[in-house]
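Undergrad: my questions concern the predicted model and sequence given below.
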Amino acid sequence: MTTTSRRVRTLVLLVLAIVVVFYYVWHRRAPSPPSQSRTQPGGAITSTVRGEPVTFNRYVNQGFPTHLISLLTQARLVRINRMTDQVEPWLASSWTTSADGLTVALALRSGVTWSDGTPFTADDVVFSFGVAGDGGAGSVMTDLVTVGARPIGVRADGPARVVLTLAQPYAPGVRLLDALPIYPKHALESAWRTGKFAEAWGLKTPPAEIPCLGPFVLGSYTPGQRVVLDRNPRYWRRDTSGVALPYVDRLTLEIVPDRNAEALRLVSGQVDLLQDQIRADDYREVKQAADAGRVRLTNAGPSHDRYMLWFNLGSRDASRRFLLQDDFRQAVSLAVQRQGFADAVYLGAADPSPFPVPPANRDWQPTGVAAPAYDPARASALLDGLGLLDRNNDGLREDANGHPARFSVLVQVGLTEAQKGMEFLRDQLAHVGIGLDVVPMDFGSVMQRWQQGDYDAIYHHLVPTDTDPASNLDWWLSRGSMHMWHPAQKSAATPWEAEIDAIMARQAATLDADERRRQFTEVQKIFLAHNPVIYFVAPHVLVATSTRVAPVTPAVTPPQVLWAADEIRLAP
């Protein structure tokens, strides 16, 4: 070998050595690229749910467990982002609305298939609107697909385009579509046509017979224990890097009715997420777990979700006629010190909230309306005026027939803030001579008693479908299926309900935002004058998650984390 050849070989080896050293130093000192564990699907997470599903068919049941499972396994045409409150394209990739607001054309996302491999088409959308609007089939969604007292017209304009026709302009626009999960025509049409839709997708339905468009599919259900949801391999969403969602392979919903047991499972590492926010009672224990690095604690802000006390205004019980009197319900509201309620039940982590919309929903707060004051003297005077007097000096009022001014309130067992809230109310009402019995029951029994009209009052909370009041007409209108105090009336039972019906119908069809707010203020004035439902406080939303889960930004409405379950991943 020549001297020149040796020099060339030495130079090459030196260059290679420099490259190796540079590579080593760079990869030791330069920031690492995102770990594959951050984006690759894999792993399993566990959440709690505090009630048993009644069915897997969201169209025939409004309960939260059924709603949550639907949210995780099915998909909507559009989604309201719970963080921004803005509408996002979902199964519909885009839409256009006519100038008069009466026609909406939606372009459907291409390449979407059901979990069983069947293509998703416009026929599924037409089918879904048809069965959702069929109250005779057991649907509880008829109000959702009704605008101007007429069903929304829907037709397929080819396999990937749907046209909606409205009887009148609808102010919230396509926001209403967020509440309607799209169902598979090929799997459910036969049940609908044969009058068996209400029984379809019951709890004993084999999971393979429930096609899904959501991030998960039903894996198994063990009554009283858990619902297991497996990753939908045909889910249509991908993240910004092109990785298929959801990130995790399995999501298990552990059925934990007792809130004490629920918090214990979180801090001990048995579950990763809770159904919703933590209670004030659990804050100290959860904070200790957070300080120890086992739990991540986040304050999401004031809640949209509140407990409410509603009365059975359809009752025929002669011994409870006082419940139907406006002055009685007004007395109940005046007898409650709401700040005291917040301090006693939520350890101060709540704000007084008497209006039918929570303080967090700033756009729809009434203007120029005074909040009900704490005034037990006025409450007593109203009760006296109704002829409810303590006739035998036992501390409890009676009517002229000797019926005691006493009523019962149903609360879901295991919800300690609900039971504590009604115990606080019981003590407050005792000061004005009203008796109250707190009756804990499982969720299914509470809902059954409500549907049968077999109750005096119920204290529970509902998940609002939207922040826009016109999106909740099933709650406001007397004919609505979720008109809690007297649902599904053929015609308004009272003049004030008829007045609310008329104003809300106009409000939902008005496109001027300022006029809509003025109209809704009038509705709230009427509501507060008659108190069919009484609100007390809006709790602060504290959300705790296991540190096994990557950091999340929770919403203030339940499910605070699982509303975007396809984006949840394990921490790297």
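TA: Cool, the structure landed. Numbering: from 1, shown residues only.

Undergrad: poorly predicted segments of the chain, please.
TA: 1-41, 463, 465 (pLDDT under 70).

Undergrad: show me it divided up by domain.
TA: 75-189, 307-538 (automatic domain parsing).

Undergrad: measure the longest one end to end?
TA: Using Cα to Cα, to the nearest Å, the end-to-end distance of domain 307-538 comes to 8 Å.

Undergrad: how far off centre is it?
TA: Centre-to-centre, domain 307-538 and its host chain are 20 Å apart (Cα atoms, centre = their mean, to the nearest Å).

Undergrad: next: stretch 279-299.
TA: 24 Å.

Undergrad: list the buried residues of that stretch.
TA: The neighbour-count check on stretch 279-299 (16 or more other Cβ atoms under 10 Å) flags 279-283, 285-287, 289-290, 294-296, 298 as buried. All C-beta atoms are positioned from the backbone trio N, CA, C, and that covers glycine.

Undergrad: can you give me the helices in the stretch 401-550 of the chain?
TA: 416-430, 443-452, 473-476, 495-509, 513-530 (DSSP state H, counting those that start in this stretch).

Undergrad: could you do the stretch 201-350 of the chain as well?
TA: Going by DSSP H, counting those that start in this stretch, the stretch 201-350 of the chain shows helices at 259-267, 283-291, 326-334, 338-346.

Undergrad: contact partners for the residue nearest to Thr367 when sequence neighbours are not counted?
TA: In space, and not counting its chain neighbours, Thr367 is closest to Thr521: 5.6 Å by Cβ to Cβ, 6 or more residues apart in numbering. By Cβ atoms under 8 Å, 6 or more residues apart in numbering, the residues touching Thr521 are 366-369.

Undergrad: go on, Phe216?
TA: Shown in contact with Phe216 (Cβ under 8 Å, 6+ apart): 72-73, 229-232, 246, 251, 565.

Undergrad: and which of these is nearest Val541?
TA: Ala565 (17.9 Å; Cβ to Cβ).

Undergrad: save the buried residues of stretch 279-299 as JSON lines, and put in distance to Ser471 too.
TA: Listed next are the buried residues of stretch 279-299 as JSON lines, based on distance: Cβ to Cβ, whole Å:
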{"residue": "Arg279", "distance to Ser471": "29"}
{"residue": "Ala280", "distance to Ser471": "30"}
{"residue": "Asp281", "distance to Ser471": "33"}
{"residue": "Asp282", "distance to Ser471": "32"}
{"residue": "Tyr283", "distance to Ser471": "33"}
{"residue": "Glu285", "distance to Ser471": "37"}
{"residue": "Val286", "distance to Ser471": "33"}
{"residue": "Lys287", "distance to Ser471": "36"}
{"residue": "Ala289", "distance to Ser471": "37"}
{"residue": "Ala290", "distance to Ser471": "36"}
{"residue": "Arg294", "distance to Ser471": "39"}
{"residue": "Val295", "distance to Ser471": "34"}
{"residue": "Arg296", "distance to Ser471": "32"}
{"residue": "Thr298", "distance to Ser471": "27"}
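
Undergrad: for stretch 422-441, which positions count as buried?
TA: Buried residues in stretch 422-441 (16+ other Cβ under 10 Å): 422-425, 428-429, 432-436, 438-441.

Undergrad: next one: stretch 377-395
TA: Buried residues in stretch 377-395, counted by 16+ other Cβ under 10 Å: 378-380, 382-384, 386, 388.

Undergrad: pipe these into a markdown table and attach secondary structure per row.
TA: Output for the buried residues of stretch 377-395, formatted as a markdown table (DSSP: H, G, I helix; E, B strand; the rest coil):
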| residue | secondary structure |
| --- | --- |
| Arg378 | helix |
| Ala379 | helix |
| Ser380 | helix |
| Leu382 | helix |
| Leu383 | helix |
| Asp384 | helix |
| Leu386 | coil |
| Leu388 | coil |
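
Undergrad: what's the local residue count around Gly111?
TA: 8 (other Cβ atoms under 10 Å).

Undergrad: my guess is it contacts Trp236. True?
TA: Yes - the pair Gly111 / Trp236 is scored as a contact, 7.0 Å apart, by Cβ atoms under 8 Å.

Undergrad: hey, what's Pro440 bridged with?
TA: Val411 (DSSP bridges).

Undergrad: my read: it touches Ser408, true?
TA: No - with contact defined as Cβ under 8 Å, Pro440 does not reach Ser408; the gap is 11.0 Å.

Undergrad: tell me which of the helices of the stretch 401-550 of the chain is the most buried.
TA: helix 473-476 (a mean of 23; mean count of other Cβ atoms under 10 Å).

Undergrad: check which helices and strands it sits against.
TA: Packing partners of helix 473-476 (3 or more Cβ pairs under 8 Å, 6 or more residues apart in numbering; DSSP states H and E): helix 495-509.

Undergrad: try 10 Å
TA: Under the contact criterion of 3 or more Cβ pairs under 10 Å, 6 or more residues apart in numbering; DSSP states H and E, helix 473-476 touches strand 146-147, helix 495-509, helix 513-530.

Undergrad: so what touches that helix?
TA: The list of residues contacting helix 473-476 from outside it, by Cβ atoms under 10 Å, 6 or more residues apart in numbering, reads 62, 140-144, 146-147, 170, 172, 176, 179, 356, 462, 464-465, 469-470, 479-484, 487-488, 497, 500-501, 503-505, 507-508, 520, 523, 527, 533.

Undergrad: hmm, try it at 6 Å
TA: Residues from elsewhere that reach helix 473-476 (Cβ atoms under 6 Å, 6 or more residues apart in numbering): 143, 480-482, 504.

Undergrad: just those now: which is nearest Arg259?
TA: Lowest distance from Arg259 to the contacts of helix 473-476 (Cβ to Cβ) belongs to Met482, with 24.7 Å.

Undergrad: residues contacting that closest one?
TA: For Met482, the contact set (Cβ under 6 Å, 6+ apart) comprises 474-475.

Undergrad: run the last query once more with 10 Å
TA: Met482 makes contact with 62, 140, 143-144, 462, 465, 472-476, 488 under the criterion Cβ under 10 Å, 6+ apart.

Undergrad: against Gly63, how distant is it?
TA: In this structure, Met482 and Gly63 are 12 Å apart, going by Cβ to Cβ, to the nearest Å.
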